[in-house]
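*Asks:* here's a sequence, model it:
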Amino acid sequence: MRTVILINFIYPQILEKYKEVEDKQLLWELIKMEIRCRTIAYSKNKRQELKKREINLQQSLQELDHKLCNSGNLEQKLLNNFEKQPKAYQIFFQFRKT
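*Replies:* Numbers count the residues shown, from 1 in each chain. The predicted model follows:
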């Protein structure tokens, strides 16, 4: 869905950029090329953002695990945070599939 919004946004810009091109076939190829370039860049950025979020989730889980293993007393707050992590992973991976 976001890709459609992106294309709807950039299409007028592409037409403006190539308004002097009279050959319809050439114009169509230029439009496809521009859309492909921008959607690839969009997908790459989205993948990088997801990777950063995944790394952050893993780091927070490791930090909680370290605190729990090295803590002499088990605080309820730490246990609650540790229990919430699998839910955060589930939400993350459901979002990642879309």
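*Asks:* as a check, name the ranges of all helices in this structure.
*Replies:* Secondary structure of the chain by DSSP state H: the helices cover 2-17, 24-70, 76-97.
*Asks:* what distance do you get for R38 to L15?
*Replies:* 14 Å (C-beta to C-beta, to the nearest Å). All C-beta atoms are positioned from the backbone trio N, CA, C, and that covers glycine.
*Asks:* which of these two has more neighbours?
*Replies:* Counted by other C-beta atoms under 10 Å, R38 and L15 do not tie: R38 has more neighbours, with 17 against 14.
*Asks:* residues touching E22, list them.
*Replies:* For E22, the contact set (C-beta atoms under 8 Å, 6 or more residues apart in numbering) is empty.
*Asks:* what backbone torsions are found at it?
*Replies:* phi -100, psi -30 (degrees, to the nearest 10).
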